[in-house]
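> for reference, the sequence and a predicted model appear below.
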Amino acid sequence: MTEGRFISVAPKLGHVPGFDGIRGFGVMIVLVGHLLPKGYDSLNAIIDTFFVLSAFLIVSLLMQEHRSQGRINLRKFFSRRAIRLLPNSYAVMGVWMLIWLLLSQLVIPGIDRSTATPDMLDAIKSVESIPGNVAAAALYVYHLVYPVGTGAGPLVQFWSLSVEEQFYGIAAVGVAWMLITKRRAKSVAVACVAIFVWVAISRYRADLGPWPGRTYSPSIWTRGLHALWLARPDALLVGVAAAVINARLPDPLSERAKRIITALAWVGTVGFVGVLISSVGPFVVSLGPIGQFRIPQLLPGMPWPEARSTELWCAAAKGKPMRPCDETFWFFRWGFSAMAISSAFITMGLARTRDWAVARFFGWRPFRWLGEISYSLYLWHLLVYLAVSIVLGGLADKPGGALILFVAKLGAAVAVSYTAHKQIDMRMLGRKLKYAGEATVLDRRTGKEVDVTAITKDGDAAP
């Protein structure tokens with residue numbers, strides 16, 4: 001180990017089939033969750049899993065690059081992120097701007113607002129909000145401008161992408177610098193865990209974010225901070241802590257270490273399933289009172305949830321007072337925190353014990369295939385759902401129509417997203433190779449590590 005520096009002793013990640021699989025399983029949950037009837041449409045804790053996995057991968061790969069190259073090239077790091085993320089996301093934004101241009105110039109001017117129905121006025125308002133939504137998404141500040149819980153906008157899925165992008169730009173590089181230059185791996189892990197615990201306790205006390213107040217501030221930044229805990233940035237810190245711990249575990253692992261990691265991974269799996277089930281609307285309603293009375297009191301003197309029931313104020317529309325919460329708010333108090341911990345245990349299990357039963361489950365080819373196009377699916381599915389609803393909306397009230405719409409939306413979302421993945425993501429990956437952080441990278445066609453120069457000449461595969 002170089003004097004004054006922290007060097008990861010973990011094995012090179014390479015291709016982890018379970019990582020693709022858990023992404024695929026997760027995006028499937030997202031796609032189905034956005035199609036469920038109102039009252040069932042939750043399952044939103046799956047986003048914490050994506051956050052934990054993303055942070056784990058980014059920090060691990062940065063430390064891996066430093067170990068093999070002796071440095072981290074920030075220009076290449078940001079170039080890789082831009083090439084990977086921007087083309088497909090900007091394509092979605094471009095389609096939305098085209099929709100706005102056509103409707104605002106050709107349709108809306110012919111509507112008499114004085115006689116329009118409330119639904120029509122809401123539709124006009126949604127169309128007029130598209131440029132603002134696109135601007136917030138393009139700058140990756142969506143979760144601050146349109147905080148989670150304030151209502152779904154045209155590009156609502158960009159709230160989580162904004163949280164991740166800010167992590168890439170600030171936290172990942174900052175954490176990597178501290179690890180590499182000052183050998184403070186333990187301090188970084190402890191700090192991440194401490195902040196996570198603070199946020200978890202804050203959520204348990206029904207705080208929506210670190211910024212106080214019962215009404216949204218006109219300032220974009222304070223408005224976003226009002227409901228920041230709904231955006232779950234702490235899940236990223238859990239992923240950082242997991243990456244640091246993984247970097248300190250040598251290869252091969254001792255039998256004792258394998259048993260511990262496997263046991264924790266099973267605990268994480270049970271928690272993962274339990275949290276997902278608990279997040280579904282009917283379970284929240286039926287189990288809410290039980291959850292309120294049985295959530296353990298974490299600190300002496302901490303008020304019980306029912307004692308604060310009249311003080312809870314949830315996110316509301318911009319400029320309006322926060323609405324009082326009901327008993328379904330109990331899931332927020334513990335669900336996201338539990339999912340982050342569970343996901344960290346699963347991530348470690350997938351990374352270090354690849355013969356584990358759950359790793360084989362997530363290694364199922366259909367899950368892995370969905371995982372490979374998960375980014376494109378996440379970007380495009382809501383726009384596709386809207387288009388299918390407009391074209392086939394008349395089926396909703398007919399026998400079997402709801403099922404037909406369900407299948408049509410899923411099928412169309414997969415088809416469009418796969419096409420975008422092939423035509424946009426895969427075409428850009430060749431350029432990404434110019435900024436590879438290591439001499440060998442993953443060939444997506446074979447799942448094997450190959451020389452960068454060899455792939456660059458081929459031009460069709462990339463890490």
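Looks like it came in fine.
> beyond the helix or strand where Ala123 lies, next helix or strand please.
According to DSSP states H and E, Ala123 maps onto helix 118-128. For helix 118-128, the following helix or strand on the C-terminal side (DSSP H and E) is helix 130-138.
> distance from that following helix to the middle of the chain?
19 Å (C-alpha atoms, centre = their mean, to the nearest Å).
> does anything pack onto that helix? Which helices or strands?
helix 74-102, helix 142-145, helix 158-166 (3 or more C-beta pairs under 8 Å, 6 or more residues apart in numbering; DSSP states H and E). For glycine as for every other residue, the C-beta is placed from the backbone atoms N, C-alpha and C.
> show me where pLDDT drops low in the chain?
Across the chain, the ranges flagged by pLDDT under 70 are 1-4, 37-42, 149-152, 182-183, 212-221, 281-330, 430-463.
> one step back: buried sites along the helix holding Ala123?
Using 16 or more other C-beta atoms under 10 Å as the test for burial, helix 118-128 gives Ala123, Ile124, Val127.
> which one, of the helices and strands packed on helix 130-138, ends up nearest to Ile47?
Minimum separation from Ile47 across the helices and strands packed on helix 130-138 (C-beta to C-beta) falls at helix 158-166, 5.3 Å.
> what's that closest one in contact with?
Contacts with helix 158-166, where a contact means C-beta atoms under 8 Å, 6 or more residues apart in numbering, come from 47, 50-51, 54, 81, 85, 89, 133, 136-137, 140-144, 146-148, 231-233, 236, 378.
> buried set for the very next helix or strand once past it?
Following helix 158-166 in sequence order, the next helix or strand is helix 173-182 (DSSP H and E). For helix 173-182, a neighbour-count test (16+ other C-beta under 10 Å) marks Val173, Val175, Ala176, Met178, Leu179, Ile180 as buried.
> check contacts around Arg200.
Small correction: residue 200 is Ala, not Arg. Ala200 makes contact with Asp234, Trp334, Ser337 under the criterion C-beta under 8 Å, 6+ apart.
> most neighbours among those residues, please name it.
Of all these, the highest neighbour tally under other C-beta atoms under 10 Å goes to Ser337, namely 26 neighbours.
> and the nearest residue to it once chain neighbours are set aside, how far is that from Arg67?
Of all residues not flanking Ser337 in the chain, Ala200 sits nearest, at 4.0 Å (C-beta to C-beta, 6 or more residues apart in numbering). To Arg67, Ala200 is 32 Å away according to C-beta to C-beta, to the nearest Å.
> re the thing from before, the helix holding Ala123 to helix 74-102, inter-axis angle?
Inter-element angle recorded for helix 118-128 and helix 74-102: 140 degrees (by axes from the mean of the first three to the mean of the last three C-alpha atoms, to 10 degrees).
> who's in contact with helix 118-128?
Outside helix 118-128, the residues that touch it by C-beta under 8 Å, 6+ apart are Ile99, Trp100, Leu103, Ser104, Ile108, Ile111, Arg113, Ala116, Gly153, Pro154.
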